[in-house]
Structures are given as C-alpha cells and as structure tokens.
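# Here's my sequence, what's the structure:
(one chain, ligands or ions: 2)
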Amino acid sequence: MNSGTSNTPLSGSRDNPDQDQFLTILSREDALARFEAALFPREVPREQGALADVLGCALAEDVVAPIDVPPFDRSNVDGFAVRSADLASAGEAAMVRLKLNDEVIACGVAPTRPVLSGTATPIATGGPVPRGADAIVMVEHTQPAGRQAIEIRRSASPGQFVSYAGSDIARGEALLRAGTVIGSREIGMLAACGIAQVSVARRPIVAVISTGDELVQPGAPLAPAAIYDTNGAIVTAAITENGGEARFLGAIPDDEAQLEAAMRAALANSDMLVLSGGTSKGAGDVSYRLIGRLGKPGVIAHGVALKPGKPLCLAVCDGKPVVILPGFPTSAMFTFHDMIVPVLRRMAGLPPRTDATVSARLPVRIASELGRTEFVMVSLVEGSDGLIAYPSGKGSGAITSFAQADGFLRIDALADQMPAGAQAEVTLFTPHVRVPDLVIIGSHCTGLDLITAPLGRAGLSVRSIAVGSLGGLAAAKRGECDLAPIHLFNEETETYNAPYLTEGLELVPGWRRMQGIVFRHGDPRFEARSAVEAVRAALADPACIMVNRNQGAGTRILIDRLLGDARPDGYWNQPRSHNAVAAAVAQHRADWGMTIAPVAHASNLGFIPFAEEHYDFALVKARKQRSAVQAFLDAIASEEGRAALARAGFRPA
Ligand code: AMP
Ligand code: MG
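Ligands and ions are numbered 1, 2, ... in the order given. Predicted coordinates:
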C-alpha cells in the first residue's frame, strides 16, 4: 500500500463496524494511487497471437523486419525498363529508338534477360527491374516502332519509377516497438514482412457479475418491481473496449452464500473481477462484505469522493483486482472509466486512454458538492462564439443521458460550483464533436418525436435538450438553439406563449395537448365528474393521495389553479414528467394527478379533460433560413405530420 497517502475520514458515525470502510471516504486521487500501488509493478503476461487475433493488443516485444520490402527493385508503372544513359539525348526534336528484348516482365515473373545498351524490356507495375536497367519509361511516353522496337522523345532520370529493394522497409530495421497498440496499419506492416504471429500482451480475463434480486436479463420478461440488468452489458462492452477479455457471468441475487460461491469461481478463472451493485449500506448489500474472505489484502478503498460513484469499492485479493461498482448504471460507467480503465489498460499493456477534449462555455451555473470530484454529462451545441455545453438534467440513475450526451466535464473536489459563462474542458465520448443540424431546447413532448422522425430519415441530425419551457426560452433568446418548444400560460392575457416572445423570436404554432385529471378506472371519486368536482371529492377524502408536478411546469400552474390553498397528501410528491404522474397513479402510489391525454390513455387510465394547453415553438429568426429549420417547418405543416399527431391524441394547431 502507498504509505504516503492518508486515509482521511470525511464523515460518519461508527454505529456498525461492518460499515467502517464505507464511512472512510478517500479522495479520487488517493483511492487510485492506493489501488495502483497494491497492483503494480507486475509482469504483463504475454502470448503468441495470429495476426487475425491481435487487433487492439499491445506488442510485447520489438519486431525487427526479417526481409526487405519490396524484396527487389520494382517498377512503379506499366512501361519499359531502360538504361537512362541511352535516353540522354532524347527530346521533342530528337527521337531515340530502342530495340525490344524478347521477354515481358509481368508481376511475379523473374527477368531472365539483361537490358543491354540500346534495348528495353516491357515491364508491368510491380515487376522486378531486370539486370542492366536503371529506369522505367511509362508506356504513355513511347511509340511502337514495328513489333520489335519503341521510340521515345523524352529523357529519363536514373531511378525514375523504380522502388528500390528495402526502400519501404529495410531488413533489420525496427519495424514496430514493444508497447505499440496494434491497429490495421500495424497488421499491414507485419503482413508485408511475412510475419504471421507476434508476441503480444495477453488480454486480461475479466469476470463480470451483476448483483441484485431485482435484476432481469434483457430479453426476459420484466416482473413487477424488477429492472433490466444494464451494468452487465455496459461493463462487458467497456472491458472489451479497453483491452480486456470480458466474461459475463450473469446477475446473482443478494444472497451471501450464492454470491460468495460465484465470486470464488469467477476469481479462480480470471485475472480480475468486476461486480456491480450491493456496495452501499442498504439492507441487501452484501458483496463488499465478502471481499475480505477472498484473499489478501482485501478492501483498499470503499467510498470514494466521486459524484456520481461514492460507494465504489476497490479491492485486491491475492494480487487480483476486485472491484464493486455502484449499482446505478451511470455511476457504474463513470467510476469504471475513471478508476478501473487505467488499471485494466496497464494490465493489458496498453497506454492510458487519450480521449479528445474541447472547450465549451456553460450557459447555466452548475452547483457541485464540495469535497467530491463531480462528473457532469453535457450536450454540445454551437453558439454565436463557440461551443456551449448543456448539462444533462437527469439524475445519477439515468442511462439515456449517456446516449444523448456528447461528453462530460469534471468539477474539481474543491469547487462548490461552476458559474454560468465559465469555459469548461469537455471530454468527448466520440473522437470529434458532432454538431447537430437542428437544435431544439425547451419542454419535451412525445409529439415532438413524431415531427422530427422524417428529418432523421432524411439524414439530418436532431438534438433535443429537455430543460423546460423557461429554460428553452432563455436559450432561444441567447441564440443557442433553432427552436424552443414552450407551453407557458400568461395569466394577464389568458393566452399561451405569444406574450413571452421577444425581439428576434417568432412563434411557430405547434399543437394542443389536453391536460386533465388521471385516475384509475372505476374510482367513484372521479368517474363521471368534471375536473373541478373530482378535485373537490378528492380533497374531501383524507385517504385520497395526489401526485403533483414540479414547480415551473406548465401543468403545475393548472394544478395550482384547481387546488387553491389546499395541500392534500401527496402534494410534495413532485415528479418532472407526464409519464411519472401516470405511473404513480397506475401503480397505486397516488390516486390522481394531472397529465396529458395521450399519456393517460397509453397507461390505460381514466381521464377528465380540464384545459387545452398550447405547445408551440419559439423560432430564432436568425436561424430560420437554415435547411434543417426549413425541413422542420415543412414537417410540422405536412399532412403526414398532422396525421401522426392526431393519431397520438394531439390536436395540430
Ligand atoms: P445497489 O448499489 O445494489 O443498492 O444499487 C443501487 C441502484 O442501482 C438500485 O436502484 C439498483 O436497482 C440499481 N442497479 C444495481 N445493479 C444494477 C444493474 N446491473 N443494472 C441496472 N441497475 C442496477
Ligand atoms: Mg442491489
């Protein structure tokens, strides 16, 4: 272990001795340093691999070229092998005639006759230059003179159109250095030298286990309260991406005996073990408790000052790294890339990752927890003076944020925020920034996907960033998007959206969404009543629980109008989406809430219409002529688009 770093307890009571490790939180840097000190230096095992199998591996030793490439002096063109001295006097006015030798040198044909002074031999591209010749004349620069001779009207420099033996690769030259990561170009060099096998760092075998009673493998039906095992697939792919050979062993329930047996079997057959889940101090969390029994020294760090990813557990069991990633997929992915990939790559003999970065400006402030290195996923859009990084609004459990984000930024443990306007370094998930053709920032609606679908089919990339109506309007005013979808009711004028537009913005009518009360069919408090009557009945019943919406949502304004000063049970349950409201009611966690008709119907719930909401677009005028914007405007006005909206329960404006 690294004795130079100290284990600084940042928090925690010691009420349960089993939890000591977790309550002692290490900084990201300390945790990684200790983990690496416990594992390295170590021998990187090597193996012989056939060319077809070594893509992405690191070469274990230098490769010296065993032959010259090309192996002989070779013609680069179709033409005639000549002595350049014969053509010294040739020119437009001075034709030289050369007698043809009695052979044709095709590829793969070894010459048998010398080129004597005054003669030439026909030669194909790739053919070996015959004895005596020192240059090639292109066939285009010659004239046949009968069947036995050619005429030439230009001189030739010595060596013209000849590749000399060893000019590409010289025998004895260091072809590739140990440590080189083998790509298709390296494979090409090896093949050119006739090398069929090379010594490479053996890919570490990494066993992957997901843990949790709730996990179901993709493809199988989802039981109530179950979720799909996401980490198994993520971690397996990330291991392959970083030079390991992943062996996914499935999801094991939170059962100590089963898990211990699975961990022992996995460790016996692999170089490294990566688990996910069960590392926090929840009731079912057992995996980290088992590590001490599997080998020495055991847990190195349990609890790292990372966000997301605090419950990460790093251990070494008899020389093999054992890692327990946090259960939430996003946390699992960040901690894997930040803390495990460096170790895995070293074990695989690979250099550290070099991910591309770009500088981008933050449009909004990001608050950050002091004392934890925080990773924030961002979507990049083009502003008037450079890239802008929109933080993803979703929580640490969100997996889609990964698919929609372009990269992430890191907020230092010692910073409590990143202010609006700050320039941040964004690490890209892709080698280059992909700037979308159409940028939509604002309130999200499933109807939007119906309108943008044809754009995607036409090859246009559409980026939709959900930040709510007000956030979208602000982005549009700053010129950071093409369109901002909004549904903002104005109390004074009792109209939607138009009153909020400022100079430079233009209203594009979208569609109407019927907002109303959702409830379970057959509930007498709601069935066959108006919205006002239904809410009165709900408020009269103390056992009736509602589900609210977040402050700032257009829907919340409608709920407030119905509730007045009442604060019934469930008022503080304030999810951020129409779907979450429907799910709460469908799953009996609440009895009523307000959502839009298409969502209520999709969940097979009862619905009482209340008010029709206008979902329109604030268009940034300066961007109107862009072809992607025009395509959007066409799509929203098209018969096809309107029909799709109507089928989904929206009313096109
Ligand atoms: P845990 O660390 O086991 O308490 O898990 C924390 C959260 O992550 C819980 O909501 C788990 O259901 C979820 N989770 C754990 N493992 C996985 C997995 N393999 N795939 C998706 N979600 C998971
Ligand atoms: Mg669990």
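
# Tell me where the stretch 51-200 of the chain has strands.
Using DSSP state E, counting those that start in this stretch, the strands found in the stretch 51-200 of the chain span residues 63-64, 74-75, 79-82, 96-100, 119-123, 135-138, 142-145, 149-152, 162-163, 174-176, 197-201.

# Buried deepest among the ones you listed, which one?
strand 79-82 (a mean of 27; mean count of other Cβ atoms under 10 Å). Backbone N, C-alpha and C define where each C-beta goes, glycine included.

# List the strands paired with that one, with their directions.
strand 119-123 (antiparallel), strand 135-138 (antiparallel) (DSSP bridges).

# any chance of the strands of the stretch 51-200 of the chain in CSV, with mean pLDDT too?
Shown next, in CSV, are the strands of the stretch 51-200 of the chain (pLDDT from 0 to 100):
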stretch, mean pLDDT
strand 63-64, 97
strand 74-75, 97
strand 79-82, 98
strand 96-100, 98
strand 119-123, 98
strand 135-138, 98
strand 142-145, 96
strand 149-152, 97
strand 162-163, 98
strand 174-176, 96
strand 197-201, 98
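
# got CSV for the ones you listed, with distance to ligand 2 too?
Shown next, in CSV, are these (distance: least, Cβ to the ion, whole Å):
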stretch, distance to ligand 2
strand 63-64, 47
strand 74-75, 65
strand 79-82, 73
strand 96-100, 83
strand 119-123, 72
strand 135-138, 72
strand 142-145, 79
strand 149-152, 82
strand 162-163, 63
strand 174-176, 45
strand 197-201, 34
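
# Would you mind putting these into JSON lines with distance to ligand 1 alongside?
Converted to JSON lines, the strands of the stretch 51-200 of the chain look like this (distance: least, Cβ to the nearest ligand atom, whole Å):
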{"stretch": "strand 63-64", "distance to ligand 1": "41"}
{"stretch": "strand 74-75", "distance to ligand 1": "57"}
{"stretch": "strand 79-82", "distance to ligand 1": "65"}
{"stretch": "strand 96-100", "distance to ligand 1": "75"}
{"stretch": "strand 119-123", "distance to ligand 1": "65"}
{"stretch": "strand 135-138", "distance to ligand 1": "65"}
{"stretch": "strand 142-145", "distance to ligand 1": "72"}
{"stretch": "strand 149-152", "distance to ligand 1": "75"}
{"stretch": "strand 162-163", "distance to ligand 1": "56"}
{"stretch": "strand 174-176", "distance to ligand 1": "39"}
{"stretch": "strand 197-201", "distance to ligand 1": "29"}
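
# Turn these into a markdown table, including distance to G459.
Shown next, in a markdown table, are these (distance: least, Cβ to Cβ, whole Å):
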| stretch | distance to G459 |
| --- | --- |
| strand 63-64 | 43 |
| strand 74-75 | 44 |
| strand 79-82 | 45 |
| strand 96-100 | 56 |
| strand 119-123 | 47 |
| strand 135-138 | 43 |
| strand 142-145 | 49 |
| strand 149-152 | 52 |
| strand 162-163 | 42 |
| strand 174-176 | 40 |
| strand 197-201 | 40 |
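
# what's the distance between S379 and G407?
Distance, S379 to G407, by Cβ to Cβ, to the nearest Å: 9 Å.

# Return the distance of A332 relative to ligand 1.
A332 sits 7 Å away from ligand 1, going by Cβ to the nearest ligand atom, to the nearest Å.

# so that residue makes contact with G232?
No: with contact defined as Cβ atoms under 8 Å, A332 does not reach G232; the gap is 10.0 Å.

# Who has more neighbours out of the two?
Using other Cβ atoms under 10 Å as the criterion, A332 and G232 rank with A332 on top: 29 against 21.

# tell me the contacts of the more buried one?
N231, I234, V235, S276, G309, L325, P326 (Cβ atoms under 8 Å, 6 or more residues apart in numbering).

# What of V200?
Here V200 is in contact with R46, E47, Q48, G49, V54, C57, A58, L59, A60, I182, G349 (Cβ under 8 Å, 6+ apart).

# residues in contact with stretch 176-191?
Here stretch 176-191 has contacts from 51, 54-63, 169, 175, 198, 200, 349-351, using Cβ under 8 Å, 6+ apart.

# ok, now with 6 Å
Outside stretch 176-191, the residues that touch it by Cβ atoms under 6 Å, 6 or more residues apart in numbering are L51, V54, C57, A58, L59, E61, D62, V63, L175.

# What about L483, how many residues nearby?
Neighbours around L483, by other Cβ under 10 Å: 30.

# P311 too?
25.

# Quick one, which of the contacts of V200 are buried?
Buried by 16 or more other Cβ atoms under 10 Å: R46, G49, V54, C57, A58, L59, A60, I182, G349, out of the contacts of V200.

# quick one: contacts for the second one?
Each residue near G49 by Cβ under 6 Å, 6+ apart is listed here: V200.

# Next, it: secondary structure please.
For G49, the assignment made with DSSP: H, G, I helix; E, B strand; the rest coil gives strand.

# what's the nearest residue to A405 if we skip its chain neighbours?
Ranked by Cβ to Cβ, 6 or more residues apart in numbering and with sequence neighbours excluded, the top spatial neighbour of A405 is M377, at 3.9 Å.

# I figured the one you found hits R410, correct?
No: using Cβ atoms under 6 Å, M377 makes no contact with R410, being 11.1 Å away.

# Show me which of these two is the more surrounded one.
M377 (23 against 19).

# where's that one, which helix or strand?
strand 373-383 (DSSP states H and E).

# do A246 as well
strand 245-252.

# count of neighbours near P158?
Neighbourhood size, P158 [other Cβ under 10 Å]: 10.

# what does P221 give?
Quick note: P221 (other Cβ under 10 Å) scores 6 neighbours.

# can you give me phi and psi for it?
In terms of degrees, to the nearest 10, the main-chain angles of P221 are phi -70, psi 150.

# do A537 as well
Dihedral angles (degrees, to the nearest 10) for A537: phi -60, psi -40.
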